[in-house]
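Participant: pasting a predicted model and its sequence here:
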Amino acid sequence: RKEVEQDPGPFNVPEGATVAFNCTYSNSASQSFFWYRQDCRKEPKLLMSVYSSGNEDGRFTAQLNRASQYISLLIRDSKLSDSATYLCVVNRGTGGFKTIFGAGTRLFVKA
Amino acid sequence: EAQVTQNPRYLITVTGKKLTVTCSQNMNHEYMSWYRQDPGLGLRQIYYSMNVEVTDKGDVPEGYKVSRKEKRNFPLILESPSPNQTSLYFCASSLGPGQDYYNSPLHFGNGTRLTVT
């Protein structure tokens, strides 16, 4: 079992739709959590950090459930430009300062 | 401009011919790391460095070496490349221990696409 697991998708949604991505992690010592966005063949870029109280940045909302070891990302009012792969990322707190990436969830937003 | 610079962007080589991929950051970050990305496997950590002269293995270190002689540079060395090292490689940096590392996001280079024949 992978340490960070995501539904690979792809998710195909129309413009304006709301779409949610889920991610689970297995290491309870994980310290911090992020969502990154990666466009095809390009470097990942930070989308948002994920805080225990939940946080929002415009159309994007991230949630963390430490008890269930579960992270989510909600995208409202999807735009064509949201088409990308979304990576769930966890910083492991023990066993070294390691960053573990999920394999990513592919999103296609269509007109 | 704050950035992580990797070179080369593309590299085609033959089995066994030593190569080095360079990585440099201008943000005074303590933490630097190398990843490889393969279809269906996501990004996997090869090596990381918490500071100068401090390096440690990630999850897939076999066949790779690194060094951290200066804070800004973290080259990745393949002493004897093999075809299974054909991949897309990313270097990244972030703040280090004592600088809120755990909440600091990674800044990535543009990537190096390596093909070993």
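Facilitator: Thanks, I have it.

Participant: what is the least confident helix or strand in chain A?
Facilitator: strand A:98-101 (a mean of 85; mean pLDDT, DSSP states H and E).

Participant: and the contacts of that strand?
Facilitator: For strand A:98-101, the external contacting residues (C-beta atoms under 8 Å, 6 or more residues apart in numbering or on different chains) are A:3-4, A:25, A:27, A:30, A:36, A:44, A:87-92, B:33, B:35, B:42-45, B:48, B:58-59, B:106. For the C-beta atoms, the positions are set from N, CA and C on the backbone; glycine is no exception.

Participant: mind listing the strands for the chain?
Facilitator: Went with chain A since none was named. A:4-6, A:11-14, A:19-25, A:30-38, A:45-50, A:55-57, A:60-65, A:70-75, A:84-92, A:98-101, A:105-110 (DSSP state E).

Participant: that's the other chain; I wanted chain B
Facilitator: Listed in chain order, the strands of chain B (DSSP E) span B:4-7, B:10-13, B:19-25, B:31-38, B:42-51, B:54-57, B:65-66, B:76-78, B:87-94, B:107-108, B:112-116.

Participant: now the second one: mean pLDDT?
Facilitator: The one in question is strand B:10-13. Strand B:10-13 comes out with an average pLDDT of 97.

Participant: that one packs against which elements?
Facilitator: In terms of contacts (3 or more C-beta pairs under 8 Å, 6 or more residues apart in numbering or on different chains; DSSP states H and E), strand B:10-13 is packed against strand B:19-25, strand B:112-116.

Participant: what is the distance between it and the centre of its chain?
Facilitator: Strand B:10-13 has its C-alpha centroid displaced from the chain centroid by 16 Å (C-alpha atoms, centre = their mean, to the nearest Å).

Participant: flag the shaky bits of the chain, pLDDT-wise.
Facilitator: Let's take chain A. Filtered on pLDDT under 70, chain A yields the residue ranges A:93-97.

Participant: not quite, I wanted chain B
Facilitator: B:96-103.

Participant: let's see 80
Facilitator: B:96-104 (pLDDT under 80).

Participant: those residues of it touching chain A, which are they?
Facilitator: Selection of chain B residues close to chain A by C-beta under 8 Å from any C-beta of the partner chain yields B:31, B:33, B:35, B:40-45, B:48, B:50, B:56, B:58-59, B:88, B:90, B:97, B:101-103, B:105-106, B:108-111, B:113.

Participant: can you rerun that using 6 Å?
Facilitator: B:Gly42, B:Leu43, B:Gln45, B:Asp56, B:Phe90, B:Tyr102, B:Asn103, B:Pro105, B:Phe108, B:Asn110, B:Gly111 (C-beta under 6 Å from any C-beta of the partner chain).
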